[in-house]
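Enquirer: sequence and predicted structure, then a few things I'm wondering about:
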Amino acid sequence: MEDYKSQFDSLAHLEERLGEFYRQATDYFDTAESHSGEFSDDRKRLAGFIPDGSKVLEVACGSAANAVLLKDKKCEYAGIDIGLHGLKLARERLQMPECCFVNSSIWYLPFKDKIFDVVFSTYAMEHFVWVEQGIHEQARVLKDNGILIILCPGHALPHHLPASMDHLDRERKRNIFKKRCLSLFKSFFGKPFFEMNADPAVLHQPYQPDRDLVYLPNPDQIRRVLTSSGFELIYQKKFPESVHYSEPDCRFRFLKRLIAKLPLLQSAYTNTFLVFRKTGKVPEKLNVETILYK
C-alpha cells in the first residue's frame, strides 16, 4: 500500500509540474506546428479508418494538424488539449464550424458516455502521466463497436531510453536498465506493464522534442492490455523507416535499422500504428502493472 501511495504521489506531482509547463509553453506547440508534416505517411493512414460523417475525438490534439486530414470526410471533429497556445493555433488553422476545441485535462474528458464513433491520438500517449486513466476515459466516451486509434513511438528495449532521460547520470541509467530488463522478463510470464519516467528532462532543461516524454511506450504491451480489456485489434502497422536516428555515427544508425527489422524487436525503435474496435465492457481495473522510474 505504501508503494502504491508513493507512486501515486509521485505521478500527481509530475502531473502538476507538466501541466504548468504545457499551459505556459509556446515554443512546444510552435515546434509541433513546424513539424506537423514530418510523419505525414503515418498520420494519413488514420483517415482510412475513419468513416465519413463520423463523430471524432482527438485526444491531446495540440494544434490539430490531424484535423486537416478529415476535411473531406464531413466528420464532426472535437479536439481536446491542456495547452491553450496549441488550441489557439488550431483555431487559426481550422475555421470550420464542424470543429470544436476544448481546453481541459484528458484524464476526465468533459463528454458524455458513448458519444464518439472514433477516438484517436497521434504521438500523444507517450506524454500521458496517467496511462490507465487515459485509456479508461477514451473507452468511456467511445461508442460500442467504435474505433480507437493510437499512433506512438516504441521504446521497448531496456537500453533504449528517450530524450527525456538524457539528463540522468550514468548510475541512474544503469539502475533503470536493470529494472527494465527484469520487467521485460517478468512480463512474458505475468502482467503487461506501463513504464513511467517520473523526472523528464523538460523540467530541468529548455524544451527540445521528446524531453517531455513520461510514458515509455511499448506497442506490444499496449496491445496486450487493450485486447484483454474489451478491445479487438483490427490493424497494426510498424514504420521502421520513420524512426528517429539521433546517433551521428552511421554504424549505430545502421545497427538500429537492422534491429528494427527483426520480428521480435520491431517495437524497439519503430513508430507503430494500432487500430482497435471496442467489442466489450472495459473492466474498472486494467490487467496491467505500472512501473515508475525516479
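Expert: Now that the structure is in, tell me what you want to look at.
Enquirer: wait, a helix at residue 138?
Expert: Yes. Remark: residue 138 belongs to a helix, assigned using DSSP: H, G, I helix; E, B strand; the rest coil.
Enquirer: so what touches stretch 41-54?
Expert: By C-beta atoms under 8 Å, 6 or more residues apart in numbering, the residues outside stretch 41-54 that reach it are 56, 65-66, 69-70, 73-76, 117-118, 120, 122, 147, 149, 151, 235, 237, 239, 242, 271, 273, 275. C-beta coordinates here come from the backbone N, C-alpha and C atoms, glycine included.
Enquirer: tell me the buried residues in it?
Expert: 42, 43, 45, 46, 49, 50, 54 (16 or more other C-beta atoms under 10 Å).
Enquirer: could you do stretch 129-140 as well?
Expert: Neighbour counts using 16+ other C-beta under 10 Å place 129, 130, 131, 133, 134, 135, 136, 137, 138, 139, 140 of stretch 129-140 among the buried residues.
Enquirer: tell me which of the contacts of stretch 41-54 fall in helices.
Expert: Using DSSP state H, no member of these sits in helices.
Enquirer: now a ChimeraX select for only the buried ones of those residues.
Expert: Burial among the contacts of stretch 41-54 is assessed by 16+ other C-beta under 10 Å; the matching ChimeraX selection reads:
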select :56,65,66,69,70,75,76,117,118,120,122,147,149,151,239,271,273,275
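Enquirer: strands - which of the contacts of stretch 41-54 land there?
Expert: Residues of the contacts of stretch 41-54 located in strands (DSSP state E): 56, 76, 117-118, 120, 122, 147, 149, 151, 235, 237, 239, 271, 273, 275.
Enquirer: hmm, which two among those are most spread apart?
Expert: Using C-beta to C-beta, the pair of the ones in strands among the contacts of stretch 41-54 lying farthest apart is 76 and 239, separated by 28.8 Å.
Enquirer: hang on, residue 292 is in a helix, isn't it?
Expert: No. With three-state DSSP as the criterion, residue 292 is located in strand rather than a helix.
Enquirer: quick one: it from residue 129, how far?
Expert: Distance of residue 292 to residue 129, given as C-beta to C-beta, to the nearest Å: 11 Å.
Enquirer: about what we covered before: tell me which of the buried residues of stretch 41-54 is nearest to residue 279?
Expert: Once C-beta to C-beta is applied, the member of the buried residues of stretch 41-54 that ends up nearest residue 279 is residue 49, at 15.6 Å.
Enquirer: that closest one should be in a strand, yeah?
Expert: No. Using three-state DSSP, the secondary structure at residue 49 is coil, not a strand.
Enquirer: related to what we said a few turns ago, okay, the buried residues of stretch 129-140 in JSON lines with distance to residue 157 and pLDDT next?
Expert: Below are the buried residues of stretch 129-140 laid out as JSON lines (distance: C-beta to C-beta, whole Å; pLDDT from 0 to 100):
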{"residue": "129", "distance to residue 157": "23", "pLDDT": "95"}
{"residue": "130", "distance to residue 157": "25", "pLDDT": "94"}
{"residue": "131", "distance to residue 157": "19", "pLDDT": "94"}
{"residue": "133", "distance to residue 157": "27", "pLDDT": "93"}
{"residue": "134", "distance to residue 157": "24", "pLDDT": "94"}
{"residue": "135", "distance to residue 157": "23", "pLDDT": "94"}
{"residue": "136", "distance to residue 157": "28", "pLDDT": "93"}
{"residue": "137", "distance to residue 157": "30", "pLDDT": "95"}
{"residue": "138", "distance to residue 157": "27", "pLDDT": "96"}
{"residue": "139", "distance to residue 157": "29", "pLDDT": "95"}
{"residue": "140", "distance to residue 157": "33", "pLDDT": "95"}
